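Mind folding the following:
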Amino acid sequence: MATDLSSVALAEVDHRQGRGEVPGLWRRRAGWRLKAAGCRVNRLCEIIREELLEQAQRNPVVFVDERLKLEQDLAQTQETIAQQTQTLAEQKSLIEQLKRMLFGPQSEKMTEEQKAELAQVVGDLAEQQDRPASDCDDLFQAESETPETEEKPKPKRKRKPRQIPVNLEVQTTVLEPTDAACEHCGRLGDKIGEEVSEQVDLIPARLIVRRTVRIKRRCQCGCGKIAIAPLPPQLLPGSKLGLGLAVFILLSKYDDHLALYTLERIFRERHGVAIPRQQMVQWIEHVAGLLRLIVDRMWQRMKQGDYLQIDETPVKVLDPEVKGKAAQGYLWFFGVPGGDVMLLFDQGRSHTVPLGALEGFNGAFQSDDFSAYETLVKKRTGLRRLGCAAHSRRKFYTAALELDRQAIWFIGRFRELYHIEDQAREMTPEERHALRQAQAPPIWAEMKARAEQLQPLVLPKSSLGKAIRYFLHEYEALQIYLERPDYQIDNNLCENDVRPGCVGKKRWLFIGHPQAGWRSAVIYSIIQSCRRRGIDPQEYLTDVLARLPAMKNTQIDSLVPENWQAARAKAAPGPDLTSAT
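Presented below is the predicted three-dimensional model:
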């Protein structure tokens, strides 16, 4: 009966549609039949209900199974709708962020306090761009604490002409006037003064052949004695590689980030000398093998401490076993704040890499929340991980790009924490520890309470939700730096050392072979360790590579950058205390 009525209703709709009648017109014409149709529908529902009851009495198991299946389908449908709703909300947030990135930030109503905090953040960024780079580029400098009652205009600073550096060689050219002779008496006029102008010039580098001639002498008495001067120790015996050329190639590739094919072109076009890059690769491998002795000794000394900072960056590698594309490798950075840096190349990013490198080390290391570091702590006893506040703050900056008011509040609190670090930088360790303990814990506690309050109210995959989840997950690790004055609030010192490698891989694009990765790691370790200590890498490499071929293993310690710098400072002549009479 129900089937017949349904068929009749469908047939009626098909018939009306086949005649081409518009739905509105058809409904108006059938309006007088609505009441009768309502009665027919009620009757149809009663018939269907009776059939379902009869079916349930005949076979209740099948009826229950169908009911459960319908309920499961309904639950799955509701869950799918909820997931799609959340996905749409997250995509809408991402679209708004992309719009702001493309078309600029849109106005949004904020409280006066939030506007002030945002203005402070913008002021910090502007001030940071104006001042020279520091060891930690992301630190915020505090604004001057002047009373807000009187705003005095800042006096304009007069630009002073920059003086020529006093340590440059000066080549003087004296020009005499051509008409200095008197027209009447013919004598040269007396000198009454001079005008001096200076320019900084550059003498282009040039390649030379350094020839060593060793005279042979034979005794005239017939004894057969022949004497010849011994050959000085060479950087690469039997090679034409000179010391200056070796240092130039190393710094050009690993400090100036020039590709070897670019160096090959420079030598050919500017110096008229053909030096194939394959030859330069062999030279670099030999020199890196000598410098590796110093880097190994540096690493041994670093592991004798109890605090390291760790980071890693990907780099492309041309692996013959991977066809059609470049493989992925990683440069791992291990550093002591204010001390040496050691790089390690590996094709993997798992915890086994730092696990093997840190063999014999016991203490704390600072890193981001990468899972390999957490696994490292579980696998090795005696290790403890410190969190990085810069990573957490960076995620709130991402949310702040969407003009999220709560994210701006968190950035303001991070600013207060970094202001404490700025104050403590020049203090003694005891004073730094006391200042941190007095001012930092209440700020961290306030941030944690605010994050726990907001977490249930934000979308987990939104920018603010990700920032809050990261902050709460890392909260305990982020506060460990308060325990000791030598601990850092973030890992930026190590990240600053990652940047030269990131610049380099954009220039030379990839490492030519997996077995060549260690060469880059060794040379980067030397250059970055020198730069951290204020040592000129060219001066260091020129001196060390001249002495290293003739040295014994027991003398390698004197070439470590720390000891080398101390020896240079000790040998440097002191200031002249004699006064002129």
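
give me the number of residues near the residue lying closest to residue 480 once chain neighbours are set aside?
Once flanking residues are discounted, residue 480 sits nearest to residue 386: 4.7 Å by CB to CB, 6 or more residues apart in numbering. Just so you know, the C-beta spots here come from the backbone N, C-alpha and C atoms, and that holds for glycine as well. Residues lying near residue 386 (other CB atoms under 10 Å) number 25.

try the one 5 residues further on
Residues within reach of residue 391, counting by other CB under 10 Å, total 20.

Begin at 52, not 1, for the rest of this chat.
Will do, 52 is the new start, and the previous item becomes residue 442.

That one and residue 400, how far apart?
Per CB to CB, to the nearest Å, residue 442 is found 17 Å from residue 400.

How far does whichever helix or strand residue 93 is part of sit from its chain's centre?
Element membership of residue 93, judged by DSSP states H and E, is helix 85-109. Centroid separation between helix 85-109 and its chain, computed with CA atoms, centre = their mean, to the nearest Å, is 70 Å.

try stretch 297-315
Here stretch 297-315 is found 23 Å from its chain centre; the criterion is CA atoms, centre = their mean.

If you count neighbours, what's buried in that stretch?
For stretch 297-315, burial by neighbour count (16 or more other CB atoms under 10 Å) applies to 297-306, 308-311, 313-315.

In CSV, list the C-alpha atoms belonging to that stretch.
Written as CSV, here are the backbone C-alpha positions of stretch 297-315 (Å, rounded to 0.1, in the frame of the first residue of the first chain):
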residue,chain,number,x,y,z
ALA,A,297,94.5,27.5,0.0
VAL,A,298,93.2,30.0,2.5
PHE,A,299,91.6,32.0,-0.3
ILE,A,300,89.7,29.0,-1.7
LEU,A,301,88.5,27.9,1.8
LEU,A,302,87.2,31.3,2.7
SER,A,303,85.7,32.0,-0.7
LYS,A,304,83.6,28.8,-0.6
TYR,A,305,82.8,28.4,3.1
ASP,A,306,82.8,32.0,4.3
ASP,A,307,81.8,34.0,1.2
HIS,A,308,79.7,31.0,-0.1
LEU,A,309,81.0,31.0,-3.6
ALA,A,310,80.5,27.9,-5.6
LEU,A,311,83.6,26.2,-7.0
TYR,A,312,82.6,26.6,-10.6
THR,A,313,82.4,30.4,-9.8
LEU,A,314,85.9,30.3,-8.4
GLU,A,315,87.0,28.4,-11.5
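
picking that back up, average pLDDT for the helix holding residue 93?
Across helix 85-109, the average pLDDT comes to 71.

Tell me the helices and strands packed up against that helix.
Contacts defined by 3 or more CB pairs under 8 Å, 6 or more residues apart in numbering; DSSP states H and E place helix 85-109 against helix 53-69, helix 111-154.

Pick out the shakiest of the ones you listed, pLDDT-wise.
Taking the mean pLDDT of the helices and strands packed on helix 85-109, helix 53-69 comes last: a mean of 48.

which strand is the longest one in this structure?
As assigned by DSSP state E, the longest strand anywhere in the chain is strand 358-368.

What strand or helix carries residue 488?
Judged by DSSP H and E, residue 488 forms part of helix 480-505.

so how far is that helix off the chain centroid?
Relative to its parent chain, helix 480-505 has a centroid offset of 26 Å by CA atoms, centre = their mean.

And the next helix-or-strand element following that helix, what's buried?
Using DSSP H and E, the helix or strand that follows helix 480-505 in sequence is helix 514-524. For helix 514-524, the neighbour count (16+ other CB under 10 Å) marks 514, 515, 516, 517, 518, 519, 520, 521, 522 as buried.

For helix 514-524, which helices and strands make contact with it?
helix 440-451, helix 456-475, helix 480-505.

Show me what the first one is packed against.
If contacts are counted by 3+ CB pairs under 8 Å, 6+ apart, helix 440-451 sits against helix 456-475, helix 514-524.

What helices and strands are in contact with the first one?
Spelled out, it's helix 456-475. Partner elements for helix 456-475 (3+ CB pairs under 8 Å, 6+ apart): helix 163-181, helix 440-451, helix 480-505, helix 514-524.

One more pass at 6 Å, please.
Where contact means 3 or more CB pairs under 6 Å, 6 or more residues apart in numbering; DSSP states H and E, helix 456-475 is packed against helix 163-181, helix 440-451, helix 480-505.

Make TSV from the buried residues of helix 514-524 and add pLDDT to it.
Supplementary listing: those in TSV, determined by pLDDT from 0 to 100:
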residue	pLDDT
514	89
515	92
516	93
517	92
518	94
519	95
520	95
521	95
522	96
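
Closest one to residue 607 out of those residues, please.
Closest approach between these and residue 607, by CB to CB: residue 521, at 42.8 Å.

Please name the nearest non-neighbouring residue to the closest one.
residue 446 (5.4 Å).

give me the number of residues near the one you found?
20.

Contact partners for it?
Taking CB atoms under 6 Å, 6 or more residues apart in numbering, we find residue 446 in contact with 517, 518, 521.

which ones are touching the second one?
It stands for residue 518. 446, 447, 450.

Hmm, the last one is touching residue 515, no?
Yes - judged on CB atoms under 6 Å, residue 450 makes contact with residue 515 at a distance of 4.2 Å.

what do these two both touch?
residue 458.

picking up where we left off before, now the angle between helix 456-475 and the helix holding residue 488, please.
Relative orientation of helix 480-505 and helix 456-475, computed by axes from the mean of the first three to the mean of the last three CA atoms, to 10 degrees: 170 degrees.

Can you point out the buried residues in helix 480-505?
Quick answer for helix 480-505 (16+ other CB under 10 Å): 483, 484, 486, 487, 491, 495, 498, 499, 501, 502, 505.

so which of those would you say is closest to residue 389?
residue 483 (13.7 Å).

you'd agree residue 358 is up against residue 415?
Yes - between residue 358 and residue 415 there is a contact at 5.4 Å, judged by CB under 6 Å.

Quick check: residue 396 vs residue 366, distance?
Distance from residue 396 to residue 366, by CB to CB: 8 Å.

Next, show the common contact partners of those two.
Common contact partners of residue 396 and residue 366 (CB under 6 Å, 6+ apart): residue 382.

Which secondary structure elements does the helix holding residue 488 sit against?
Helices and strands touching helix 480-505, by 3+ CB pairs under 6 Å, 6+ apart, are helix 456-475, helix 514-524.

Return the residues in contact with the most centrally placed residue in the chain.
Nearest to the geometric centre of the chain sits residue 546, at 5.1 Å (CA atoms, centre = their mean). For residue 546, the contacting residues are residue 362, by CB under 6 Å, 6+ apart.

Look up how far residue 96 lies from it.
Per CB to CB, residue 546 is found 70 Å from residue 96.
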